[in-house]
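*Asks:* Provided below for reference: sequence and predicted model.
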Amino acid sequence: MKQVKIQVPSLVENIRVVESFIDNSKETFHIEDDIYGNIMVAVTEAVNNAIRHGNKFDKDKNVYLSLYVNKDRVKFEVEDEGDGFDYDNLLDPTAPENLENPGGRGIFLIRHLADEVEFNKDGRNVQLTFFLAPTTADEPSDTVSSETAA
């Protein structure tokens with residue numbers, strides 16, 4: 001498993017750093033275009049939530065972003081230094097009484113864009129998993145096979 005980590009101070013301007021991190025990861029780990037958009041939206045939303053709601057824009061608190069890459073999935077982990085939140089009791093943004101609310105759609109979006117979403121540490125940590133389509137590059141080459149058999 002390959003792993004890359006960054007940390008950014010809780011400033012909204014640092015969303016640009018996160019976008020660059022995702023772009024670089026797409027190139028480095030050959031992430032397909034068909035899931036790239038989902039990753040960009042879900043991960044930047046998770047970081048934005050960590051900055052705004054978790055760390056409450058406190059520039060002295062950091063947001064930690066980690067990327068773990070396997071042959072069949074990529075997992076992004078976002079963690080803040082806030083108090084956490086009750087992720088099991090969120091308002092449904094699709095309910096008629098909530099449609100006019102300006103916020104409340106971030107977690108809903110994240111849950112629909114990622115293949116797996118897991119909250120930990122009282123909501124201070126979220127892990128977003130995206131499944132990768134198998135490619136011919138994932139199949140062992142003749143050299144690898146003969147080394148394995150030896």
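*Replies:* The structure has been received and is ready for your questions.
*Asks:* Residues contacting the lengthiest helix in the chain, please?
*Replies:* Longest helix of the chain, by residue count under DSSP state H: helix 33-49. Helix 33-49 is contacted by residues 8, 12, 14-15, 18-19, 22, 26, 31, 63, 65, 74, 76, 78, 106-107, 109-110, 113-114, 126, 128, 130-133 when judged by C-beta atoms under 8 Å, 6 or more residues apart in numbering. C-beta: built from backbone N, CA, C; applies to glycine.
*Asks:* Gln65 belongs to a strand, doesn't it?
*Replies:* Slight slip there: residue 65 is Leu, not Gln. Yes: counting by DSSP: H, G, I helix; E, B strand; the rest coil, Leu65 is part of a strand.
*Asks:* Please report how far it lies from Pro93.
*Replies:* 25 Å (C-beta to C-beta, to the nearest Å).
*Asks:* shouldn't Asp80 be in contact with Arg124?
*Replies:* Yes: taking contacts as C-beta atoms under 8 Å, Asp80 lies within contact range of Arg124: 5.5 Å.
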